[in-house]
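**Student:** this is a predicted model, with the sequence first.
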Amino acid sequence: MVDKEKIEQAVRMILEGIGEDPGRPGLAETPARVARFYEEACSGIGRRARDVLKVLTLENYDEMVLVRDIPFASLCEHHLVPFLGRAHVAYLPAQNRITGLSKLARIVELEARKLQVQERMTMQIADDIMETLRPRGVMVVLEAEHLCMTIRGVQKPGTLTVTSVVRGIFRENQATRAEAMSLIRSPRMR
């Protein structure tokens, strides 16, 4: 549960700390806006994959399922600024256990709505799917631009960080891994 009152107090202190007047007209509502932002941006804290990922059964389907270009926004736990990107999630069902396609996007959203580092987020998405669906394998690739690299520090806008996690058959079988990567890289169909 987000304590919006504490966040509002902290934002007022930050505004004062940078030499601003938190009472001036343009900033008067900022503490409440920031509190609502953090409530939404951190809405994945305390939620579990099993609340989102439902197992369905489909007879005789054991080929790759891939949902790519899932947009996400998360907060860097080191600087509390966003990182924005796209997720690509593939799995190979086992024992006819599948899930709705939108559920893969919901898992990405669930893990993104926490204070994160991209590497851990990539692992969490893969682990959520492995634990809930128990597929033959999972592959997760995240590509993101981190505002902590864009607007501070090294200041390199447009720089992408790419992380990947493979589990099961995607780790064991190079052909399966290559197939998933070629599908992720393939141009969009028109």
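**Tutor:** Yes, it's here. Numbering: from 1, shown residues only.
**Student:** could I get the buried residue list for stretch 74-89?
**Tutor:** Using 16 or more other CB atoms under 10 Å as the burial criterion, the residues of stretch 74-89 that qualify are 74, 75, 76, 82, 83, 85, 86, 87, 88, 89. In short, each C-beta sits where N, CA and C put it, glycine included.
**Student:** can you add distance to residue 96, secondary structure and pLDDT and give these back as JSON lines?
**Tutor:** Formatted as JSON lines, the buried residues of stretch 74-89 follow (distance: CB to CB, whole Å; DSSP: H, G, I helix; E, B strand; the rest coil; pLDDT from 0 to 100):
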{"residue": "74", "distance to residue 96": "33", "secondary structure": "strand", "pLDDT": "98"}
{"residue": "75", "distance to residue 96": "37", "secondary structure": "strand", "pLDDT": "97"}
{"residue": "76", "distance to residue 96": "39", "secondary structure": "strand", "pLDDT": "96"}
{"residue": "82", "distance to residue 96": "39", "secondary structure": "strand", "pLDDT": "96"}
{"residue": "83", "distance to residue 96": "36", "secondary structure": "strand", "pLDDT": "97"}
{"residue": "85", "distance to residue 96": "32", "secondary structure": "strand", "pLDDT": "98"}
{"residue": "86", "distance to residue 96": "29", "secondary structure": "strand", "pLDDT": "98"}
{"residue": "87", "distance to residue 96": "25", "secondary structure": "strand", "pLDDT": "98"}
{"residue": "88", "distance to residue 96": "24", "secondary structure": "strand", "pLDDT": "98"}
{"residue": "89", "distance to residue 96": "19", "secondary structure": "strand", "pLDDT": "98"}
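**Student:** now, which of the residues you listed sits nearest residue 147?
**Tutor:** residue 82 (5.3 Å; CB to CB).
**Student:** quick check, the closest one in contact with residue 147.
**Tutor:** Yes. Using CB atoms under 8 Å, residue 82 is in contact with residue 147, at 5.3 Å.
**Student:** who touches both of those two?
**Tutor:** residue 76 (CB atoms under 8 Å, 6 or more residues apart in numbering).
**Student:** now the residue with the shortest distance to the centre of the chain: how far from residue 144?
**Tutor:** Central residue of the chain (CA atoms, centre = their mean): residue 112, 3.2 Å from the mean position. Distance of residue 112 to residue 144, computed by CB to CB, to the nearest Å: 10 Å.
**Student:** sounds good, over and out.
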